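Peer 1: Fold the following, please.
(one chain, ligands or ions: 2)
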Amino acid sequence: MAAMEADECEADERVKIICLGDSAVGKSKLVERFLIDGYQPQQLSTYALTLYKYKATVDDKTVLVDIWDTAGQERFNSMHPSYYHKAHACVMVFDVQRKITYKNLASWYKELREYRPEIPCVIVANKIDADYKVTQKNFNFAKKQGLPFYFVSAADGTNVVKLFRDAIKLAVSYKQNSKDFMDEVMRELENFELESKGVSSEEDDNSKSK
Ligand SMILES: Nc1nc2c(ncn2[C@@H]2O[C@H](COP(=O)(O)OP(=O)(O)O)[C@@H](O)[C@H]2O)c(=O)[nH]1
Ligand SMILES: [Mg+2]
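Peer 2: Ligands and ions are numbered 1, 2, ... in the order given. Got it, this is the predicted structure:
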């Protein structure tokens, strides 16, 4: 995967991924961490959002990924319908240090489903670097909804690359009308949990800088 140039027409596929979650949970930090090697945020202030473009390779195909990040509107606990429009996957984030941001997942999820009843959504527990013991805790929202769940840290990079790679693949497989990859991710994460109760960051060692 590489940073994107101005060759959009060469892409085989194009997907839109949206970030959701309360203010200050680390949404922007996560996207920036993922795109650390060359992202070009485009501030679209009229729409209160930041758009990041990224070129990924999925199954030998070039995929243009538009990552949409909120820019303040999430403070009102709701996003404009255009934010959801034609999204192919959602990265929903909470802060393990602030319980209220976990509780609010329910209302974010409800709003997401009003606009996009079917798209893949992953649940992200951010800021585990603040206290790694939180990875022993149960956050059952994802399990209850049947969604993939990731313990991550935008600060030290743990699981960030894995999370976005999975989200991109989920978006592509959704766009191509396939549920296969969702099953694969769920199976893989189940085993992942069994094998290593706790945090594993082997997938994204290369993104660690601290
Ligand atoms: N300790 C810690 N702080 C983080 C992490 N991610 C974000 N932050 C901090 O949380 C605050 C909000 O981050 P930001 O990305 O702006 O949140 P957003 O409002 O959801 O986009 C900032 O001060 C970040 O430095 C993390 O993984 N660990
Ligand atoms: Mg932000």
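
Peer 1: got a pLDDT number for whatever residue of the chain ends up closest to ligand 2?
Peer 2: Relative to ligand 2, the nearest point of the chain is Ser28 (3.3 Å; Cβ to the ion). To be clear about C-beta, it is placed using only N, CA and C from the backbone, and glycine gets the same treatment. Ser28 is assigned 93 on the pLDDT scale.

Peer 1: Give me the spatial nearest neighbour of it, chain neighbours excluded.
Peer 2: Nearest non-adjacent residue to Ser28, counting by Cβ to Cβ, 6 or more residues apart in numbering: Asp69, 5.5 Å away.

Peer 1: OK, contacts around that neighbour?
Peer 2: Cys19, Lys27, Ser28, Val31, Pro41, Leu49, Thr50, Leu51, Tyr52 (Cβ atoms under 8 Å, 6 or more residues apart in numbering).

Peer 1: And for the last one, the neighbour number?
Peer 2: Same thing as Tyr52. 21 (other Cβ atoms under 10 Å).

Peer 1: Could you do the first one as well?
Peer 2: In terms of burial, Cys19 registers 25 neighbours under the definition other Cβ under 10 Å.

Peer 1: Which positions within the one helix or strand it maps to qualify as buried?
Peer 2: Assigned by DSSP states H and E, Cys19 belongs to strand 13-20. Buried residues in strand 13-20, defined by neighbour count with 16 or more other Cβ atoms under 10 Å: Glu13, Arg14, Val15, Lys16, Ile17, Ile18, Cys19, Leu20.

Peer 1: Single out whichever of those has the smallest pLDDT.
Peer 2: The lowest pLDDT within the buried residues of strand 13-20 belongs to Glu13, with 93.

Peer 1: what's the closest non-adjacent residue to that residue?
Peer 2: Per Cβ to Cβ, 6+ apart, closest to Glu13 is Val63, 4.6 Å.

Peer 1: what subset of the buried residues of strand 13-20 is also close to ligand 1?
Peer 2: Filtering the buried residues of strand 13-20 for proximity to ligand 1 (criterion: Cβ under 6 Å from any ligand atom) leaves nothing.

Peer 1: Generate TSV for those, with distance to ligand 2 as supplementary columns.
Peer 2: Listed next are those as TSV, based on distance: Cβ to the ion, whole Å:
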residue	distance to ligand 2
Glu13	27
Arg14	23
Val15	21
Lys16	17
Ile17	15
Ile18	13
Cys19	8
Leu20	11
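
Peer 1: Might you report the residue contacts of the residue nearest the centre of the chain?
Peer 2: The centroid of the chain falls nearest to Val91 when counting by Cα atoms, centre = their mean (3.0 Å). The contact partners of Val91, by Cβ under 8 Å, 6+ apart, come to Ile17, Ile18, Cys19, Leu20, Lys27, Leu30, Cys121, Val122, Val124, Leu163, Phe164, Ala167.

Peer 1: So in terms of bridging, what pairs with it?
Peer 2: When bridges are called by DSSP bridges, Val91 pairs up with Cys19, Val122.

Peer 1: so how many other residues sit close to Ile100?
Peer 2: Neighbour number of Ile100 under other Cβ under 10 Å is 9.

Peer 1: can you pull the contacts of it?
Peer 2: Asp22.

Peer 1: Share the number of residues neighbouring the closest residue to Val134 other than its chain neighbours, please.
Peer 2: With sequence-adjacent residues excluded and distances taken as Cβ to Cβ, 6+ apart, Val134 is closest to Val96, at 4.5 Å. Val96: 25 surrounding residues under other Cβ under 10 Å.
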